[in-house]
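1. Model the structure of this input:
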Amino acid sequence: MFSIVLSAQQAVPEGRVFGLDMQTLISIGIQLFNGIILALALGLLLYKPVKEFMRKRSEGIQGKIDNADTRMAEAQNLIQKYDAKIKDIDKERIEILEVARLEADDERKQILEEAKLEADKIKNRSLDSLSEEKKRLKEETRLYIIELSSLMAEKYIAQNIDDETQERLFDEALAQLEEAQWQN
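-> Coordinates of the predicted model:
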């Protein structure tokens, strides 16, 4: 290897880095010709398969993009449908709550009316009972007063009046009581 480098170095004229002689030019020409032939052969052999591969790959990628677009459109459609359903559900929820509130308000009014009626009934029964009790107490009081006054009159008369006068006064008082009406 070292010898090749030395021989290449001797072939290059003094002061030049690269020697451009006929052999180098022919070698460059052959390499260029080989490159062109290789490019043409590879182009003829590989151009159609590579082009077909790239076309299929582009179609596959485009198909995936189209599929993704259709799925995205379907997803957007579903989102719109769900949003509409959510709005409908919210409206229905509000309507149900409003109906429930109105029913509760009606029921509250009905319960209050029933409670007022029951309170009025209790009040009326209490007043009736109180009125009857008052009448009964008046009657009892009247009877006690009559009994007490007769006892007192009897004791007073027994001490001050004889039997004949007592009989006459008793008959007169009884006659007056029968004629008089008791005031309530």
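2. hey, let's count contacts and neighbours off CA atoms from now on
-> Fine.
3. Which strands or helices does the helix or strand hosting Leu117 pack on?
-> Using DSSP states H and E, Leu117 sits in helix 22-160. Contact partners of helix 22-160 among helices and strands, from 3 or more Cα pairs under 8 Å, 6 or more residues apart in numbering; DSSP states H and E: none.
4. Quick one: mean pLDDT for it?
-> Per-residue pLDDT over helix 22-160 has a mean of 89.
5. how far is the helix or strand just after it from where the chain is centred?
-> Of the helices and strands lying after helix 22-160 in sequence (DSSP H and E), the nearest is helix 163-179. Here the centre of helix 163-179 is set off from its chain's centre by 90 Å, with Cα atoms, centre = their mean, to the nearest Å.
6. Quick one: mean pLDDT over helix 163-179.
-> Mean predicted lDDT for helix 163-179 stands at 78.
7. That helix to helix 22-160, inter-axis angle?
-> Taking axes from the mean of the first three to the mean of the last three Cα atoms, to 10 degrees, one finds helix 163-179 and helix 22-160 inclined to each other by 140 degrees.
8. list the buried ones in helix 163-179?
-> By 16 or more other Cα atoms under 10 Å, the buried positions in helix 163-179 come out as Gln166.
9. Kindly report the same for stretch 134-143.
-> Buried residues in stretch 134-143 (16+ other Cα under 10 Å): none.
10. Pull out the CA atoms of it and give them to me as PDB.
-> Extracted in PDB, the C-alpha atoms of stretch 134-143 (Å, rounded to 0.1, in the frame of the first residue of the first chain):
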ATOM      1  CA  LYS A 134    -121.400  26.300  80.500                       C
ATOM      2  CA  LYS A 135    -125.100  25.300  80.300                       C
ATOM      3  CA  ARG A 136    -124.500  22.300  82.500                       C
ATOM      4  CA  LEU A 137    -122.600  24.400  85.000                       C
ATOM      5  CA  LYS A 138    -125.300  27.100  85.000                       C
ATOM      6  CA  GLU A 139    -127.900  24.400  85.600                       C
ATOM      7  CA  GLU A 140    -125.900  22.900  88.400                       C
ATOM      8  CA  THR A 141    -125.200  26.300  89.900                       C
ATOM      9  CA  ARG A 142    -128.900  27.100  89.700                       C
ATOM     10  CA  LEU A 143    -129.800  23.800  91.400                       C
END
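11. Pull the distance from that stretch to the chain's centre.
-> 67 Å.
12. can you check stretch 32-40 too?
-> 79 Å.
13. Distance check, Arg57 against Ile65.
-> Using Cα to Cα, to the nearest Å, we find Arg57 at a distance of 12 Å from Ile65.
14. err, Thr165, not the other one
-> Relative to Ile65, and taking Cα to Cα, Thr165 is found at 138 Å.
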